[in-house]
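[1] What follows is a predicted protein model with its sequence.
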Amino acid sequence: MTTIALSDWLLARISREDGAPLHRQLHEALLAAVLEGELPAGRKLPSSRLLARELGVARNTVIDVYETLAAQGCLETRHGSGTYVADLSAERLAPPSPSAPEAAPPAPKLSARGEAVVKGARVFPRQWGAFMPGVPDVTEFPTRIWARLHNRHWNRAAPERLSYAPAGGLPALRVALAEHLRTARGVRCEPGQIVITTGIHQSIDLTARLLTDPGDTVWLEDPCYWGLRHSVQSLGLKLRPVLVDAEGLNWSGTRGPAPRFIVATPSHQYPLGMVMTLPRRQALLEQARTHGSWIVEDDYDSEFRYGTRPITSLQGLDRDGLVIYVGSLSKTLFPGLRLGYIVAPPGLASAFAEGVAELYREGQLQQQAMLADFIAEGHFAAHIRRMRGLYSRRRQALLEAIRAEFGETLPVMGDNAGLHLILGLPGLEDKAIAQASVEAGIATRPLSGYYHSPGAAQSGLLLGYACVKEEAIAPAFATLAEVLRKFGA
């Protein structure tokens, strides 16, 4: 390719009417010429002055493109000689080998742990509408108040607020959360015990990394939240499923090594909805004390209880510093906030604060500051009160829709709190029904999918009502009822 031929080749590929900057077009065209072999290795390029004249562009444009390509290793400049196309051949870059391989090497693949994570993934592509469980009505969030707090903090943003978070999170948020948890949940804590995370997944991940070694045993409720189970398994821990009964976690008859920690949802078991009784709570604390185990209390949505006051936390009964209390603001505010917290026992608080800073390098300080004010000024408590009433009405509308379609023939469970209830389907295949429901435009989750032990699994559907407008509940359930009848309900 001659100098004139190169300029002609480039002129055919750049356009002043394209809208893209000329230097970008020229860079992409020259890069393509090198990669496609139009300009072979060792070929000398025209001087920046000559090429600029041929192309009718500023010389600085050509100089900038030459320098960029040189930085990328596509060109090399030889002092006193000019600019040349670099040798990009694979033979030059590859390490020497005694003999060429007979066949192409196998493509890289996931690890066994990675395969298990991906294979077991159950993230639903749809995160809104009837009857997606665990999703609050984000359209009811007080956005005007949040916008005012947003403006307040961004109008006076200090440089440190745009950097990484201090160990444990923003002090003002830790103070606000400690006060809220003491008042609303009976949690015994000081601000220094609060560690801000991005939610339950990170809280459990941090707890496992700091308190366990690969091969240690962890007790989980059966059934439980599938994401929690996968998080524990992916860390190389031995999962011991423990069945729940009407009083909550029931470990009688459980054999094997003592657990390093036990995860429980005592105030509202997920997904079945029962409350762990006081005798069972006291026995669980004694179990942990006897065997040197920790208890992780997942208090995921206990603010939303209907007909009775919220149940006091298990952590409030702990006198030995054995309970690690974890919570999230995804359901009380909105999932996209991605803020949660750990209340660590006094002896672990500094280690947890340092651990979250070291492993995850958290930030979001502006958002943490907004949330601190949102709680301290009373907006958080007011929002929970309002949403509790709203969700109670939607829960009632769903119960009435179920009775209208099926009377008392299908049992309802776990409807006294939270954002979902369970429609029991005795003798029916809930996974097939859930799939057919999705195809009909209704999002549900099969209850059996939350069990680790298939033999113990009950059949049913988790029906979330929080993000469904009251007037839309009956029509949506009528659609689901049609699907259920096709399966013999």
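    Cool, got the structure.
[2] low-confidence ranges in this structure?
    Confidence mapping of the chain against pLDDT under 70 gives the ranges 1-4, 90-102, 120-127.
[3] Off-centre distance for the longest helix along it?
    With DSSP state H setting the assignment, residue counts place helix 379-406 as the longest helix in the chain. From the chain centre to the centre of helix 379-406 is a distance of 26 Å (CA atoms, centre = their mean, to the nearest Å).
[4] on contacts alone, who are the packing partners of that helix?
    With contacts defined as 3 or more CB pairs under 8 Å, 6 or more residues apart in numbering; DSSP states H and E, the secondary structure elements packing on helix 379-406 are helix 171-185, strand 420-424, helix 470-486. In this view, the C-beta of every residue, glycine as well, is placed from N, C-alpha and C.
[5] The first one vs helix 379-406, what angle?
    Using axes from the mean of the first three to the mean of the last three CA atoms, to 10 degrees, the inter-axis angle of helix 171-185 relative to helix 379-406 is 50 degrees.
[6] which element follows helix 171-185 toward the C-terminus?
    Towards the C-terminus, the helix or strand next in line after helix 171-185, according to DSSP states H and E, is strand 194-197.
[7] which residue ranges form the strands in the stretch 1-150 of the chain?
    Shown for the stretch 1-150 of the chain, the strands assigned by DSSP state E, counting those that start in this stretch span residues 44-45, 75-78, 82-85.
[8] Could you chop the chain up by domain?
    Per automatic domain parsing, the structural domains of the chain span 3-91, 144-377, 384-486.
[9] For residue 117, which of these is the nearest?
    Between residue 117 and the domains of the chain, the tightest spacing by CB to CB is seen for domain 144-377, at 5.3 Å.
[10] Find the nearest non-adjacent residue to the most centrally placed residue in the chain, please.
    Averaging the C-alpha coordinates of the chain gives a centre point, and the residue nearest to it by CA atoms, centre = their mean is residue 201 (6.7 Å). Once flanking residues are discounted, residue 201 sits nearest to residue 231: 5.9 Å by CB to CB, 6 or more residues apart in numbering.
[11] could I get stretch 461-469 in CSV with only the CA atoms?
    Presented in CSV, the C-alpha positions along stretch 461-469 are these (Å, rounded to 0.1, in the frame of the first residue of the first chain):
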residue,chain,number,x,y,z
LEU,A,461,-47.2,-21.3,45.6
LEU,A,462,-45.7,-18.2,47.1
LEU,A,463,-48.0,-15.3,46.2
GLY,A,464,-46.6,-11.8,46.8
TYR,A,465,-49.3,-9.2,47.1
ALA,A,466,-47.3,-6.1,48.1
CYS,A,467,-46.5,-4.8,44.6
VAL,A,468,-50.1,-5.5,43.2
LYS,A,469,-52.6,-2.7,43.3
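[12] what comes into contact with that stretch?
    Residues from elsewhere that reach stretch 461-469 (CB atoms under 8 Å, 6 or more residues apart in numbering): 128-138, 271, 331, 391, 394-395, 397-398, 419-423, 425, 430, 433-434, 437, 444-447, 473, 476, 480.
[13] what's the answer for stretch 67-76, then?
    Stretch 67-76 has contacts (CB under 8 Å, 6+ apart) with 27, 30-31, 34-35, 45, 66, 77, 83-86, 88.
[14] can you pull the contacts of residue 234?
    If a contact means CB under 8 Å, 6+ apart, then residue 234 has 113, 116-117 as its contacts.
[15] Let me have those in a markdown table, adding distance to residue 258 as columns.
    Shown next, in a markdown table, are these (distance: CB to CB, whole Å):
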| residue | distance to residue 258 |
| --- | --- |
| 113 | 25 |
| 116 | 25 |
| 117 | 27 |
